[in-house]
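1. coordinates only, sequence not included:
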Ligand SMILES: NC(=O)c1ccc[n+]([C@@H]2O[C@H](COP(=O)([O-])OP(=O)(O)OC[C@H]3O[C@@H](n4cnc5c(N)ncnc54)[C@H](O)[C@@H]3O)[C@@H](O)[C@H]2O)c1
């Protein structure tokens, strides 16, 4: 039995992860701590409401007292930190909350793990921790900055973030590293490429385009649409995190990617074609400042050292994803209208 604190478990990747873990490890207890910002949606988790190994607590990871209480009452031995402000566009308009949640929130969690997991918390030289504990920081390939036409990100590259979002994630990675080096906390950092799949908030490229297509609305494409990203199905990201949790060597960073480089415009055209719409819906808009041109992940370390492989091809994953959004239009409508917040009030208040 493990007691896993999943932060941000009501978001896109966190909610997929919580469900996958309950399925894959029926003897684990999952404590989902989420502040329920605009991006947190408990409707993503309704199918596990009655699972006795699942508990939801509404809390902010920046709240030290609350984190302390949760560690004490739930005997947490593992942390998977998804909680973050995650949308680059928002970070350009309102950077501060990205810095406080993504950096200070991570530090608060690290301080709490140090207090509860260290064998002798009062000895500043003690680097001995209770057996089996682990702090896993969910990071992003965006911390490496942008690539030219060639090359791939490897774990040893310098961090050169270009947006307030990626700078806040890079800062969190450095704090996690420093707490490992200075205090000995058993940590891993994972840096994943762009995710797609069910339950993604429709402000991100793929669900935004699907939703707009379904409503015959314009499809806004930044610049020339030739920004290249490596795309990974969310369930492959979740299985990679599970692998790192169980097999990752303490202190190591693991890149996670699917070898699926696609230009944004090609994804938009694929969605249009699959939904039988017209490319006339595409509207090229002014590019966003600091827009990275290309990301590509070298996943050799996690595949060769830990034996992880993605299960999805992009072609299969994107079709299933489009079908999921077609089958779950009520979910999209609730998210777009803000109606999903009512669920929390009905269930918890
Ligand atoms: N989406 C991607 O493609 C991608 C790729 C690589 C890494 N990541 C990382 O994975 C993590 C999850 O991404 P996502 O796309 O699921 O994001 P998301 O925006 O869908 O979810 C974030 C969740 O965190 C919660 N949250 C925000 N601030 C909080 C706070 N202060 N305290 C507690 N909870 C808080 C939100 O309510 C939400 O449920 C992030 O750390 C992100 O940087 C995302």
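-> Sure thing, it's come through. This one's a predicted model, so the numbers in the text were calculated from it and none came from an experiment.
2. Find the closest residue to the ligand in this structure.
-> residue 11 (2.0 Å; C-beta to the nearest ligand atom). From N, CA and C alone the C-beta is placed, and that goes for glycine too.
3. ranges for the helices of the stretch 1-150 of the chain?
-> 12-24, 64-74, 88-93, 95-99, 106-117 (DSSP state H, counting those that start in this stretch).
4. ok, of those helices, where does mean pLDDT dip lowest?
-> Ranked by mean pLDDT, these bottom out at helix 88-93, with a mean of 92.
5. on contacts alone, who are the packing partners of it?
-> helix 164-183 (3 or more C-beta pairs under 8 Å, 6 or more residues apart in numbering; DSSP states H and E).
6. buried stuff in the helix it packs on?
-> Across helix 164-183, burial judged by 16 or more other C-beta atoms under 10 Å covers 164-173, 175-176, 179-180, 183.
7. ok, back up a step: may I have the predicted confidence score for the residue of the chain closest to the ligand?
-> At residue 11, pLDDT is 97.
8. go on, residue 349?
-> 57.
9. now residue 282
-> 96.
10. now residue 50: how far from residue 31?
-> 16 Å (C-beta to C-beta, to the nearest Å).
11. ah, wrong one, I meant residue 46
-> 18 Å.
12. Those two - which one has more neighbours?
-> Between residue 46 and residue 31, residue 31 has the larger neighbour count (other C-beta atoms under 10 Å), namely 24 against 10.
13. separation between that one and residue 25?
-> Going from residue 31 to residue 25 by C-beta to C-beta gives 14 Å.
14. Spell out which residues are contacts of both of these two.
-> Common neighbours of residue 31 and residue 25 are not found (criterion: C-beta atoms under 8 Å, 6 or more residues apart in numbering).
15. ok, residue 133 touching residue 188?
-> No. At 11.9 Å, residue 133 does not count as touching residue 188 under the criterion of C-beta atoms under 8 Å.
16. need the contact list for residue 241.
-> 17, 80, 136, 138, 190, 256.
17. can you redo those as a markdown table with neighbour count?
-> Below are those laid out as a markdown table (neighbours: other C-beta atoms under 10 Å):
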| residue | neighbour count |
| --- | --- |
| 17 | 27 |
| 80 | 28 |
| 136 | 24 |
| 138 | 26 |
| 190 | 23 |
| 256 | 29 |
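18. List the ones among those residues that fall in strands.
-> Secondary structure from DSSP state E places 80, 136, 138, 190, 256 of those in strands.
19. out of the buried residues of helix 164-183, which touch the ligand?
-> When contact is defined as C-beta under 6 Å from any ligand atom, the buried residues of helix 164-183 meet the ligand at residue 169.
20. For residue 283, state which of the buried residues of helix 164-183 is nearest.
-> Nearest to residue 283 among these, counting by C-beta to C-beta, is residue 165 at 24.1 Å.
21. Contacts only, for the nearest residue to that closest one once chain neighbours are set aside.
-> With sequence-adjacent residues excluded and distances taken as C-beta to C-beta, 6 or more residues apart in numbering, residue 165 is closest to residue 91, at 3.8 Å. Contacts for residue 91 (C-beta under 8 Å, 6+ apart) come out as 85, 98, 163-165, 168.
22. Now distance to residue 233 too, for those residues, in JSON lines please.
-> Below are the contacts of residue 91 laid out as JSON lines (distance: C-beta to C-beta, whole Å):
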{"residue": "85", "distance to residue 233": "23"}
{"residue": "98", "distance to residue 233": "26"}
{"residue": "163", "distance to residue 233": "24"}
{"residue": "164", "distance to residue 233": "27"}
{"residue": "165", "distance to residue 233": "22"}
{"residue": "168", "distance to residue 233": "25"}
